[in-house]
Structure formats: structure tokens, C-alpha cells
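Chemist: Let me see the structure of the following:
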Amino acid sequence: MSSLAQFGTNHIAKGIGRLTTHVLERGSGSYVYTTEGKKLLDFTMGIGVTNLGHCHPKVTKAAQDQVGKLVHGQVNIAFQEPQLRLIEKLLPIMPDKSLDTFFFWNSGSEAVEASVKLARQATGRQNIIVMQGSYHGRTMGTMAMTRSKTVYSAGFHPLMPGVYASPFPYTHQFHNGNAQECSDNAIKELEIMLLTQTAPKDTAAIIIETVLGEGGYVPPPPDFLKRVREICDKHDILLILDEVQSGFGRTGKMFAIEHYGVRPDVMVMAKGIANGFPISGIVSRKELMDLQPPGSMGGTYAGNAVACAAGLAVLDAFKEEKVLDNVAARSKQLFDCLHGLQKSEKTGHLIGDVRGLGLMVALEFGGGSKGDNIGGKIGSRVQNKCVERGMLVLTTSIYDTLRFIPNLLISEEEMSEACEIITESVEEVAREG
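Modeler: Predicted coordinates for the structure are as follows:
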């Protein structure tokens, strides 16, 4: 550990978990560089934040230019141009034309809480239904909604009341692995919850990550979200989709819900909006947003002008650089690699599932009975081997899972490098037994 890293260990809160003790000095594209001169292929991208790669030139220039014009245009004081221009460019790419009114904040957790405030105020109801395995944040409100791991809320109770958890259709961990039966079961349990735990007249919203994130990078079965939408419509419950991690091209569409064709009442955004600059937001229809009285929403740094300018550059890059086309090509390359490991005589016995959409991809270890891989260590061993070979990668879920979150503009050569590191690492762990 370097002296600077030791300084950080001594003076930064211990409550922050950390993959390595490297000290990052700079980043470029798919790579980060440490103060000790080490080059690392980054398959974390700040946990799905720098979607266009580190220090994307267009985004960097937009931010630099904006710093010289206006850094902080506080939203309760006046409108500021970059935020309005960002909304102009976001409107045409919303997954449903009803999503036409925005509120910006700073982090994903804050945006989730903004969606809860909207749901409660718009419906006059209190209760919120979340999914088992969900991650919505670590603030006092969102801790109650996060059900992926107890580490995020242990020791901080009592939590926000009025939150209920229903099963998410995690097909690989369902007893027979049948996607339709898994979806049927999840819908049945949701309906039972509305009969036994939170009455529809008391339920403001159901909030779902379109693709389960921290819970394991699990896309739902094709019909699940459509059926949840029908339940919401039947009972006048709002459907909130959390696209904090799955939005802005990560799954091969601008928003993951485009894979399913379902209309949210509220959509939560963050992470990839501005490629590393802190900004989040919610979007809903004007008739709901207009129910909130002036003064009920706001925040000192909400919708910062520099972050909004960066967001504008991100959207320009998506058009000009054919980002989604690259996601499709590199996704196939990555899945081919992982499926090859799954089929290999050397490594196949270690692997339980390969799944994901676009470049939001998971490799779950454990080839035995369902649930046998809870707390497993194969993923963390492979992770360590990857780091030793110069590649940053994260585990996720209570199940033994690695997640891959590369630069959406990653080149074919860089993906080949990653696949080689992943393959060598899994094979080494297989040899070690």
C-alpha cells in the first residue's frame, strides 16, 4: 500500500467498502491509471457511471466550457440554460411520451426519494412496495427500500416505515429454472401481498429496478413488468421504474424498459446521465408533477449547471458515435466469451448462469442446487485474479456473482483483452479447485 493510500485508510470513513487500495490519478476511455503508474482495464466504470469511458473528450470540453460561464445556477432562484437545454434533448428519447416533466437532484438515492415523495403526494397514500433483491440507495429513506443485502441497513434501524418487499422473478434461483413459472409465482406473491399486507388503497407505488442491479444483474422474464403494470392500473397504484444503473445505453437501449414496452408513471435516472458529473433525476407526467406545491422540492446543488452541460454532451455523443451499435457488437463478444467458459470442460462446472442485457452482464458461479452458492467465494477469487492481471471488476448479489460494466464505447481489441483476462482467471481458479 502506498503512503497516500495509507493516508486515505487513516482519514476516510471505514464504512466505505473498497475493491482495491490503488490511488487513481487519471482515466482515459476504458482505462484508469494509478499514482504508482499502473494501468488498469476498468470493467466497473464507477459502477456504471462513466458509460462513455473516462474523460470522454466531448463531455470534458462541455464541462470545461460551462465552468467558465456558470457553475452554480440554483434551481430555487431561477431557471438556468444548461438544464433547460438538457430537458429539450431528453424529451425525444423518453420511453413514453407521457414522461414530460423533470426534477433533477444529485444522486440516485436522492432521486429515488424524490419519486417516493411524488408518489405519496400524488396518491395521498403512504406505502411503497419494493422487490426482494432490490437496491435503491443507502440514505435513511432508501435503506428501507434496499433489499439486496442487510449490510446496507444493519445497525441503522428503525428505518422508514411503510415499505413492503415482494419477490423479484429471479429465474436462475427459482426451484425449476422455468422463466414463465417464476414470473407467475412473483405475480401471485404480489397479489397476495396486496390482500394480506398493504391494501391497494394504502399503496402509493410499486418501485422496480428494470434490471435487478445489486441483486445480481437479473433481467425479469418478458411478461413480468407488463403484468405489474396491469396490477398498478387496476388499483391506481403508480409504477416507478428505477433506471439508475440500467439507463443511458447500458442495456443496449437508451432505457432498459424499452426492451419490455411498458409505460412507467415515474422513471428514476442517475449514473450515466453526465458520465461522471453528479446529477440524477425523475421524470413523470405533468399532471402528477404539478400536484406538488412550490417549495416542496428543491436542493442546493440540484441539477447543477456543469453536470447538465456534461449531460448535453453525453446525448450528442450517443448520436454521433453510434454508441448503441457498439454496445450490441461488444455485448455479443462478451457473451460469446462467457458462454464459452460455461460450455468448457475446464470451467463449466463452476458456472451456474450467464445473463444480462447489452453491457450489463453477470456471471453467476455455482453449478449445484438452487441457493447453494449463497455466500460463495468463487466470484471473489476470480475477481482477485482479474485485479492481479490488471482488470477491475465487481462482485454483486448474495449469490456468487461477478458483474461486468464496461465502457459502452469499448473497442473490439479492449474487449478481447478483457475476455482473455476473464478466461485466464476463471481457468486458474478451476485448476486450484
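Chemist: does the residue nearest the centre of the chain belong to a helix or a strand, and which?
Modeler: Residue closest to the mean C-alpha point of the chain, counted by Cα atoms, centre = their mean, is residue 245 at 1.8 Å. Using DSSP states H and E, residue 245 maps to neither a helix nor a strand.
Chemist: In the stretch 101-250 of the chain, mark out all the strands, start to finish.
Modeler: With DSSP state E, counting those that start in this stretch, the ranges of strands along the stretch 101-250 of the chain come out as 101-105, 127-131, 163-166, 203-209, 238-242.
Chemist: so which of these comes closest to residue 21?
Modeler: strand 203-209 (30.3 Å; Cβ to Cβ). Every C-beta, even on glycine, is put in place using the N, C-alpha and C of the backbone.
Chemist: relative to strand 238-242, how tilted is the closest one?
Modeler: Orientation of strand 203-209 against strand 238-242 (axes from the mean of the first three to the mean of the last three Cα atoms, to 10 degrees) gives an angle of 20 degrees.
Chemist: and strand 203-209, what does it pack onto?
Modeler: Here strand 203-209 touches helix 108-123, strand 127-131, helix 224-235, strand 238-242, going by 3 or more Cβ pairs under 8 Å, 6 or more residues apart in numbering; DSSP states H and E.
Chemist: got a list of what the residue lying closest to residue 276 once chain neighbours are set aside touches?
Modeler: Leaving aside its sequence neighbours, residue 276 sits nearest to residue 50 (Cβ to Cβ, 6 or more residues apart in numbering; 4.8 Å). Residue 50 sits next to 27, 56, 275, 276, 407 when contact means Cβ atoms under 8 Å, 6 or more residues apart in numbering.
Chemist: Now distance to residue 193 and pLDDT too, for those, in TSV please.
Modeler: Formatted as TSV, the contacts of residue 50 follow (distance: Cβ to Cβ, whole Å; pLDDT from 0 to 100):
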residue	distance to residue 193	pLDDT
27	44	98
56	43	98
275	38	98
276	38	97
407	40	98
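Chemist: So which of those residues are in strands?
Modeler: Counted as lying in strands by DSSP state E, out of these, are residue 27.
Chemist: right, and the pair among the contacts of residue 50 with maximum separation?
Modeler: 276 and 407 (11.8 Å).
Chemist: joint contacts of those two?
Modeler: 50, 54.
Chemist: Helices of the chain, start to end?
Modeler: Taking DSSP state H as the test, the helices found in the chain are 3-11, 45-48, 57-67, 81-90, 108-123, 140-143, 179-196, 224-235, 286-289, 305-320, 323-343, 378-388, 412-432.
Chemist: Show me which residues of the first one are buried.
Modeler: When you say that, I think you mean helix 3-11. residue 5 (16 or more other Cβ atoms under 10 Å).
Chemist: Which other helices and strands does that helix contact?
Modeler: On the basis of 3+ Cβ pairs under 8 Å, 6+ apart, helix 3-11 makes packing contacts with no helix or strand.
Chemist: what does it contact?
Modeler: 1, 21, 22, 23, 35.
Chemist: quick one: low-confidence ranges for the stretch 151-300 of the chain?
Modeler: By pLDDT under 70, the stretch 151-300 of the chain contains no weakly predicted segment.
Chemist: Check residue 367 and give its pLDDT.
Modeler: For residue 367, the pLDDT comes out at 66.
Chemist: An error on my part: the question was meant for residue 375.
Modeler: For residue 375, pLDDT reads 78.
Chemist: where's it relative to residue 404, distance?
Modeler: 21 Å (Cβ to Cβ, to the nearest Å).
Chemist: Mind checking which of these two has more residues around it?
Modeler: Comparing residue 375 with residue 404 by neighbour count (other Cβ atoms under 10 Å), the higher total belongs to residue 404, at 23 against 8.
Chemist: Can you give me the neighbour number for residue 126?
Modeler: Neighbours around residue 126, by other Cβ under 10 Å: 15.
Chemist: That one is in contact with residue 117, isn't it?
Modeler: No: Residue 126 lies out of contact with residue 117 (Cβ atoms under 8 Å); the separation is 11.6 Å.
Chemist: Could you say which of the contacts of residue 50 is surrounded by the most neighbours?
Modeler: Of the contacts of residue 50, with other Cβ under 10 Å as the count, residue 275 tops at 28 neighbours.
Chemist: separation between residue 361 and residue 393?
Modeler: 11 Å.
Chemist: Quick check: neighbours shared by the two?
Modeler: With Cβ under 8 Å, 6+ apart as the test, residue 361 and residue 393 both reach 403, 404.
Chemist: quick one, which of these two is more surrounded?
Modeler: residue 393 (26 against 23).
Chemist: Do you know the pLDDT at the more buried one?
Modeler: 98.
Chemist: and if you look at the one 10 residues further on?
Modeler: Confidence per residue is given as pLDDT, and for residue 403 that number is 98.
Chemist: Tell me how far the closest residue to it other than its chain neighbours lies from residue 323.
Modeler: Excluding its sequence neighbours, the residue lying closest to residue 403 (Cβ to Cβ, 6+ apart) is residue 396, at 4.5 Å. In this view, residue 396 and residue 323 are 24 Å apart by Cβ to Cβ.
Chemist: Those two: who's more crowded?
Modeler: Counting neighbours by other Cβ under 10 Å for residue 396 and for residue 323 shows that residue 396 has the greater number, 24 against 20.
Chemist: ok now do that one, which residues does it touch?
Modeler: 213, 214, 215, 216, 217, 362, 402, 403.
Chemist: Out of those, which end up buried?
Modeler: 213, 214, 215, 216, 217, 362, 402, 403.
Chemist: thinking the last one is in contact with residue 361, fair?
Modeler: Yes: with contacts defined as Cβ under 8 Å, residue 403 counts as touching residue 361 at a distance of 7.0 Å.
Chemist: what sits in contact with each of the two?
Modeler: residue 217.
Chemist: In CSV, list the helices and strands packed on strand 203-209 along with distance to residue 285 and mean neighbour count.
Modeler: Output for the helices and strands packed on strand 203-209, formatted as CSV (distance: least, Cβ to Cβ, whole Å; neighbours: other Cβ atoms under 10 Å):
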stretch, distance to residue 285, mean neighbour count
helix 108-123, 10, 24
strand 127-131, 19, 26
helix 224-235, 14, 18
strand 238-242, 10, 27
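Chemist: Export those to a markdown table and append columns for distance to residue 198.
Modeler: Converted to a markdown table, the helices and strands packed on strand 203-209 look like this (distance: least, Cβ to Cβ, whole Å):
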| stretch | distance to residue 198 |
| --- | --- |
| helix 108-123 | 13 |
| strand 127-131 | 4 |
| helix 224-235 | 11 |
| strand 238-242 | 14 |
